[in-house]
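Here you go, sequence then predicted model.
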Amino acid sequence: MAGLGQATVTLLRPSNRRAANLETIPLSPTPAILSASYALSHAPDLVRYGSKPVREIGRDPSLLPRIAGSLRPWDEVVAYPPNQVFIGNLAPEDLASIPRPWYENRIDSASPSGAFGRMVSQPALYGLMKLCDDFDLLAIDGELAEQAGFDLVDFDHRRGRITGVDPAELRTLAEESAGLDLHHDGRMAGFIRTVHDQDEALTASVLLENLAGKATAVLAFSDLLRNSGIGAGEIDYLLNCGEEAVGDRYQRGGGSLSKAVGEVVGCVNATGSDIKAFCSAPVHALIAAGAMVAAGVHKYVVVLGGGSQAKLGMKFGAHLRNGVPVMEDCLASMAFLVGPAGGHGMELRLDLAGKHPIGAGSSPKAVYEALVVEPLVRAGLGMTDIDKYAVEMHNPEITEPGGSGDVPRMNYRTLAAMAVLRREIGRGDIDRFVAERGMPGFAPTQGHIPAGVPYLGHALEAMRRGSLDRAMIVAKGSLFLGRMTQLVDGVSFIVERPAVARRTG
Amino acid sequence: MDLEDQANVNRLAETSGTDGMVVLLGQPDANSAGLFAETVTRGDPTWAGPLAGVPLGLPVYHVLEPEIKEQMDGDLYDEHVGLMELSADVEEIIKWVAVYRD
């Protein structure tokens, strides 16, 4: 896509604020990922409402205190090396040199603020949910509201909405309404109500998932605006790629959380929609965003995704059995700004987007042929022309106790095996290929979050430094989990440092 | 091994008997292959699932073992298992599955 003609067209912005501005933008701009933002929201008292814990605690209530006793305090979550990589205070390469277990080898003097992300406390999370609540779904007590306001002192939007009720009022609400008690610091500190007693899509547990998704997406998006310097009013379109299903009994999963999130951060000129494709949705969304920019439909598109409440504590059983902390204790979220390249950011090579077609077959070989090899062959490139691959970046410390192994490592070794089959490297070079072109997994196991895209922030930094020329982001999705097809899905794209893109485009 | 998978193996063993039943594993690393093999032979070592204290003693093999490979169509094997055969530590996987089988 790089090198296309830069013809221009004049657009009249429809918004009041910009109506007088005649703006000139290229007709077919080269799209780029201009900024990335990530957030981790500590949620130890929401772990009990993760899908797996809810089911298992219902079967055996003695598990609840065991889970609570295995959760980490805030300072350990902040100092956890994979979390520090996620927010940009450490590079993935740094993590490779930290001995396992990482939960015992924490970072001294770790900060919750990173180069392109941050961690927030549980009170801040409740505060974000409160300020995102447009239907009085959620009540929190005054003490929690005060703490939330304090922890969100630098947050730019709707902080006045973080209000609390007295504990007696909260107890009355809980006794007289259907819903879920919410906890903090060993007490019942909040309540979320069921809206409709005959609508499974509007029960308190579903609304909690959706509100948590919205609130955490708002956090990442707000930081994206602040860090990129772009005004909220300049954003034209929003693509949400989160895992929640916002809707009602007549349309479960109707969407569009994108617009709900955009409203909170003041994107008055934007509309949006959601892209659903299980774990590969973020990569689908980034390709679609790039295409919108390249086609001149929209100038600035934000891809965003909130955290998955359902996946908190998903592997708690294996963690308890193995005597390790219950590490699925944070909601992860992310946001990416896609716009015209203009010499900065990472250029999105839409001409080299990869896809797993319906007819491709689902063996690992078929999947990687489609996602990785085919686009490279199309560009006249080899597998070793990619400096870094970002695959599913699950933190292995979370997955290994349950017998799921080190997912990124297995994927990198499979990629290396593909390079062997293609005679690009020898069989003895597999370990080196993995070490040089891979990285350790550092992302929370929240489905769409680990899908290659956690590396984009690091890639941006590395390309700005000139230490990275080209990376491929590869995502796969387990469509079969929904029982409508036996298929898997996958998509990929390549990002390049602008100078490299001009040479190869 | 996932608790649901343990329940499925247990149910099959109870309803159909273990005669003629073979467990074929596909785990790509030695740790998880060994853990799965132990579960279907000596019982769930973590004492958390339906196979806790249930030593089924099932014959367990890994798809990477030569006696399995030679019974399969070569092209199909290359398509579905070839990459894992190249990338996995085959000797280590086979060793740990054999520990529990034998």
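Cool, the structure landed.

What score does the closest residue to residue B:45 other than its chain neighbours have for pLDDT?
Using C-beta to C-beta, 6 or more residues apart in numbering or on different chains and skipping the chain neighbours, the partner closest in space to residue B:45 is residue B:38 (5.4 Å). For every residue, glycine as well, the C-beta is placed using N, CA and C. pLDDT for residue B:38: 94.

Pretty sure residue B:38 sits in a helix.
Yes: counting by DSSP: H, G, I helix; E, B strand; the rest coil, residue B:38 is found in a helix.

Wait, it touches residue B:51, no?
No: the criterion here is C-beta atoms under 8 Å, and residue B:38 misses it with residue B:51 at 9.8 Å.

what sits against residue A:76?
Residues near residue A:76 by C-beta atoms under 8 Å, 6 or more residues apart in numbering or on different chains: A:103, A:106, A:325.

Closest to chain B out of these?
residue A:325 (16.6 Å; C-beta to the nearest C-beta).

Test my guess that the closest one contacts residue A:69.
No: contact criterion C-beta under 8 Å: residue A:325 and residue A:69 do not qualify, at 10.0 Å.

Residue A:367 sits in which helix or strand?
Per DSSP states H and E, residue A:367 falls inside helix A:364-368.

Then residue A:303?
strand A:301-305.

how far is the helix or strand that that strand is followed by from where the chain is centred?
Scanning forward in sequence from strand A:301-305 by DSSP H and E, the next helix or strand is helix A:316-321. Distance, stretch centre to chain centre, for helix A:316-321: 24 Å (C-alpha atoms, centre = their mean, to the nearest Å).

Can you mark which positions in helix A:316-321 are buried?
Using 16 or more other C-beta atoms under 10 Å in any protein chain shown as the test for burial, helix A:316-321 gives A:316-321.

same thing with stretch A:46-58?
Counting neighbours by 16+ other C-beta under 10 Å, stretch A:46-58 gives A:46-54, A:56-57 as buried.

hmm, back to that, the helix holding residue A:367: how far from the chain's middle?
Chain-centre distance of helix A:364-368: 25 Å, with C-alpha atoms, centre = their mean.

contact partners of that helix?
Outside helix A:364-368, the residues that reach it (C-beta under 8 Å, 6+ apart) are A:356, A:360-361, A:414-415, A:418, A:421, A:476, A:488, A:490, B:78-80, B:82-84.

Show me those that map onto strands.
Mapping those onto strands (DSSP state E) picks out A:476, A:490.

Give me the buried subset of the contacts of helix A:364-368.
Taking 16+ other C-beta under 10 Å as the criterion, what is buried in the contacts of helix A:364-368 is A:356, A:360-361, A:414-415, A:418, A:421, A:476, A:488, A:490, B:80, B:82-84.

which two from those end up farthest apart in space?
Spanning the widest gap among those are A:421 and A:488, at 20.2 Å by C-beta to C-beta.

one step back: what's the local residue count around the residue nearest to residue B:45?
Residues lying near residue B:38 (other C-beta atoms under 10 Å in any protein chain shown) number 20.

Excluding chain neighbours, what is closest to residue A:283?
residue A:475 is the one closest to residue A:283 (C-beta to C-beta, 6+ apart), at 4.0 Å.

what about that neighbour, how many residues close to it?
Neighbourhood size, residue A:475 [other C-beta under 10 Å]: 29.

contacting residues around it?
A:279-280, A:282-284, A:392, A:451-453, A:490-492.

Same check on residue A:29?
Residues near residue A:29 by C-beta under 8 Å, 6+ apart: A:6, A:293-294, A:296, A:299, A:339-341.

Keep only those of these that are in strands.
A:339-340.

Of the contacts of residue A:29, just say which sits nearest to chain B.
Among the contacts of residue A:29, residue A:294 lies closest to chain B (C-beta to the nearest C-beta), at 33.9 Å.

helix, strand or coil for residue A:35?
Here residue A:35 is recorded as strand under three-state DSSP.

That one and residue A:301, how far apart?
Distance, residue A:35 to residue A:301, using C-beta to C-beta, to the nearest Å: 12 Å.

who touches both of these two?
Common neighbours of residue A:35 and residue A:301 (C-beta under 8 Å, 6+ apart) are residue A:337.

List phi and psi for the spatially closest residue to residue A:435 that is not a sequence neighbour.
Once flanking residues are discounted, residue A:435 sits nearest to residue A:96: 7.8 Å by C-beta to C-beta, 6+ apart. Backbone torsions for residue A:96, taken as degrees, to the nearest 10, come to phi -60, psi -30.

before we move on, back to that, out of the contacts of residue A:475, which are buried?
Listed as buried from the contacts of residue A:475 are A:279-280, A:282-284, A:392, A:451-453, A:490-492; burial here means 16+ other C-beta under 10 Å.

Which members of those residues define the maximum pairwise distance?
Every pair of the buried ones among the contacts of residue A:475 checked by C-beta to C-beta; the farthest is A:284 and A:392, at 14.9 Å.

Now do the contacts for the closest residue to residue A:444 other than its chain neighbours.
Distances taken as C-beta to C-beta, 6+ apart place residue A:332 nearest to residue A:444, at 4.5 Å, with adjacent residues excluded. By C-beta under 8 Å, 6+ apart, the residues touching residue A:332 are A:38-41, A:86, A:216, A:307-308, A:443-444, A:446, A:449.

Next to chain A in this structure, residues from chain B, please.
Contact residues (C-beta under 8 Å from any C-beta of the partner chain) of chain B with chain A: B:1-3, B:27-29, B:31-32, B:35-36, B:46-48, B:78-80, B:82-84, B:86-88.

which residues of the stretch 101-250 of chain A fall in helices?
In the stretch 101-250 of chain A, the helices defined using DSSP state H, counting those that start in this stretch lie at A:122-131, A:142-151, A:167-176, A:204-228.

What are the contacting residues of the third one?
When contacts are taken as C-beta under 8 Å, 6+ apart, the neighbours of helix A:167-176 outside the stretch itself are A:139-142, A:165, A:181, A:188-191, A:193.

For residue A:223, list the residues it contacts.
A:37, A:39, A:117-118, A:335.

For those, name the two members farthest from one another.
A:118 and A:335 (12.4 Å).

Perfect, that will be all.
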